[in-house]
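In: predicted model follows, preceded by the sequence.
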Amino acid sequence: MKDLTRGSVYRQILSQALPMTLGMLVQTLYILVDLYFVAGLGTHALAAVVSSANLMFLVIALTQVLSVGLVALMAPAVGAQNPTEANRIFHQGLWLGLAGTCGLFMFGPFLVQPYVRATSTSIEVILLSQQYLNWFLPGLALQFVSVALVAGLRATGNVKSTMKIQLLTVFLNILLAPVLINGWLTGYAMGVAGAGLASTLSVSAGLVLLLFYLHKQELYLHLRQIKKPDFKVLRRLLAIGCPAGAEFLLMFVFSALVYVLIKDFGSAAQAGFGAGMRLVQAISLPAVAIAFSLPAVFGQNLGAGRSDRISASFNAALKMQLVAMGLLFLVCQLDPLWLISFFSSDLDVRAAGSDFIQITSWSLFASAVVLTCSGLFQGLGNTLPGLLSSVTRFLVFALAAICLSQSPAFSLHNLWLISAASVVVQAVFSFLLARHQLMNTGRSVETPLRKKSLSS
């Protein structure tokens, strides 16, 4: 367990963000390795994998419910020096994760065909997408239990152990991808199905390693004496986590809407958008890692009654985010065509992807504000403001994009401009909500502390 209620707020945020950055980088490498080897199979295969991988956003939305709820409830207990309560909440999160894994195993196969038919008009892309998802779905299902374990460790400030395990799973995926996709050593190439199987095997190995670590080496959290489900705690987890999950669900709906809007531009446009989106996500990981480290920092300080450190941490995180996004903006602007060329030699795919990267990078500064505010909302256990700002962004984009699609001026370039503008709207709204949340939190923390000092 790492105490995040003392010391420099910059140092505490960095102590969480740096290992998390490495963990996220290797996690993204997971996807990029698959894309690299799949790109050699042709444009249809690349379009199939990037559009199918968008289904991962749906699973992330559901696991986000679990992750955010668990960290938001556990971190204050950790900050209040109450390991018994922290473990009780952790065990309830495991029950919720197990329910999610079983649910996706049961109902996931029924989602595959409707989804791939809605996102592509190419018969070849549809068939390849189905092959990929049939092997990728089991790995997605196991993510629920894995996320519960990782979130529990993150609430205690332990991010280094999960990073090491993620690193091992990525190395495994790098070894398996060429063997299963292209048939290296075996002579049996599975194509896109091999990409899905490589990811599933790697996720399975990671889950086994997490369970082994908790059983043998973790001192604060434990898997002993797990009680039966406590529906009061589960309701609290869901009440906090569902708005955050809905935010990620909106990202899934956003991406699906884009795929539907651009499908008449052909598979090259879809492949360019998919690869460009993954690249922007990959290079934004340092900033995302800072945001993901914040809930544990805010939560522990909330439990310890340190409203001053909550405000200081928010200001420090926002400055760090803006600096990080400024550097990433320069990377995207210098040569976006070179960045996208790593994943396709097709000129049409490169053109679509580089245009997306160059325009989207202008919204990175606004994304820094959104991410910092989201971390604050999650850490304080009030995730509704974050959902409200995400809904606002989606409605602005969806209404403008659908209207544009009916116009002769409809083009990929104009669609990306609308997307970037909608992020700016979200950033302004999120910042206003965050300022209000900080003022309310300061009053709610100071009131019981003042009463306590008067009674003593």
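Out: Yes, it's here. A quick note: this is a predicted structure, and the numbers were derived from the prediction, not measured.

In: tell me where the model's unsure across this protein.
Out: Applying pLDDT under 70 to the chain flags residues 1, 23, 26-31, 53-54, 57, 218, 343, 442-456.

In: now the spatially most central residue of it: closest residue in space that isn't a chain neighbour?
Out: Centroid-nearest residue in the chain, with Cα atoms, centre = their mean: I60, separated by 6.3 Å. Leaving aside its sequence neighbours, I60 sits nearest to F248 (Cβ to Cβ, 6 or more residues apart in numbering; 5.1 Å). Every C-beta, even on glycine, is put in place using the N, C-alpha and C of the backbone.

In: any idea how many residues pack against that neighbour?
Out: F248 has 21 neighbours, counted by other Cβ atoms under 10 Å.

In: and R224, by the same measure?
Out: Neighbourhood size, R224 [other Cβ under 10 Å]: 7.

In: tell me the secondary structure for it?
Out: Assigned by DSSP: H, G, I helix; E, B strand; the rest coil, the conformation of R224 is coil.

In: returning to what we had before: wait, isn't the residue nearest to I60 in contact with M56?
Out: No: the criterion here is Cβ atoms under 8 Å, and F248 misses it with M56 at 10.3 Å.

In: rewinding a little: please tell me how far the residue nearest to the centre of the chain sits from M251.
Out: In this view, I60 and M251 are 8 Å apart by Cβ to Cβ, to the nearest Å.

In: who's in contact with the closest residue to Q300 other than its chain neighbours?
Out: Of all residues not flanking Q300 in the chain, G79 sits nearest, at 3.4 Å (Cβ to Cβ, 6+ apart). Listed by Cβ atoms under 8 Å, 6 or more residues apart in numbering, the contact set of G79 reads 4-5, 299-304.

In: make JSON lines from those residues and add neighbour count and distance to S202 to it.
Out: Compiled in JSON lines, the contacts of G79 are given as follows (neighbours: other Cβ atoms under 10 Å; distance: Cβ to Cβ, whole Å):
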{"residue": "L4", "neighbour count": "27", "distance to S202": "30"}
{"residue": "T5", "neighbour count": "18", "distance to S202": "36"}
{"residue": "G299", "neighbour count": "26", "distance to S202": "30"}
{"residue": "Q300", "neighbour count": "30", "distance to S202": "31"}
{"residue": "N301", "neighbour count": "29", "distance to S202": "35"}
{"residue": "L302", "neighbour count": "24", "distance to S202": "35"}
{"residue": "G303", "neighbour count": "20", "distance to S202": "35"}
{"residue": "A304", "neighbour count": "20", "distance to S202": "38"}
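
In: what's the closest of those to T360?
Out: G299 (31.1 Å; Cβ to Cβ).

In: next, the closest one: secondary structure please.
Out: Quick answer, by three-state DSSP: G299 is helix.

In: excluding sequence neighbours, find me the nearest residue to it.
Out: Among residues not flanking G299 along the chain, A75 sits closest, at 2.6 Å (Cβ to Cβ, 6+ apart).

In: got a list of what the one you found touches?
Out: 155, 295-296, 298-300, 302-303, 379.

In: does the residue nearest to the centre of the chain touch A246 like I think?
Out: No: look at I60 against A246 with Cβ under 8 Å: they stay out of range, at 12.0 Å.

In: is A316 in contact with R11, as I believe?
Out: No: between A316 and R11 there is no contact under Cβ under 8 Å: 9.7 Å.

In: just want to know which of the two has more residues nearby.
Out: It is A316, of A316 and R11, that has more neighbours when counted by other Cβ under 10 Å, with 22 against 10.

In: and the more buried one, what does it touch?
Out: The contact partners of A316, by Cβ under 8 Å, 6+ apart, come to 9-10, 13.

In: before we move on, back to that, look up how far K216 lies from the residue nearest to the centre of the chain.
Out: Distance, I60 to K216, by Cβ to Cβ: 29 Å.

In: same check on M277?
Out: For M277, the distance to K216 - Cβ to Cβ - is 39 Å.

In: and those two? which has more neighbours close in?
Out: M277 (19 against 7).

In: what residues are up against the more buried one?
Out: If a contact means Cβ under 8 Å, 6+ apart, then M277 has 50, 255, 356 as its contacts.

In: how many residues are close by Q130?
Out: 18.

In: that one reaches V112, doesn't it?
Out: Yes: counting by Cβ under 8 Å, Q130 touches V112, with 6.0 Å between them.

In: name the residues contacting each of those two.
Out: Overlap of the contact sets of Q130 and V112 (by Cβ under 8 Å, 6+ apart) is empty.

In: helices of the stretch 301-450 of the chain, start to end?
Out: Remark: helices assigned in the stretch 301-450 of the chain by DSSP state H, counting those that start in this stretch are 307-334, 336-340, 347-360, 364-379, 384-405, 412-455.

In: out of these, deepest packed?
Out: Stretch with highest mean neighbour count among those: helix 364-379 (a mean of 26; mean count of other Cβ atoms under 10 Å).

In: just checking, what packs against that one?
Out: With contacts defined as 3 or more Cβ pairs under 8 Å, 6 or more residues apart in numbering; DSSP states H and E, helix 364-379 has these neighbours: helix 55-79, helix 231-262, helix 285-303, helix 307-334, helix 384-405, helix 412-455.

In: that older thread, want to throw the contacts of G79 into CSV with distance to I340?
Out: Output for the contacts of G79, formatted as CSV (distance: Cβ to Cβ, whole Å):
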residue, distance to I340
L4, 39
T5, 44
G299, 39
Q300, 41
N301, 41
L302, 42
G303, 45
A304, 46
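
In: looking at these, spot the one nearest K164.
Out: Checking the contacts of G79 against K164 by Cβ to Cβ gives L4 as the nearest, at 20.1 Å.

In: what sits against the closest one?
Out: For L4, the contacting residues are 12, 16, 79, 157, 296-297, 300-301, by Cβ under 8 Å, 6+ apart.
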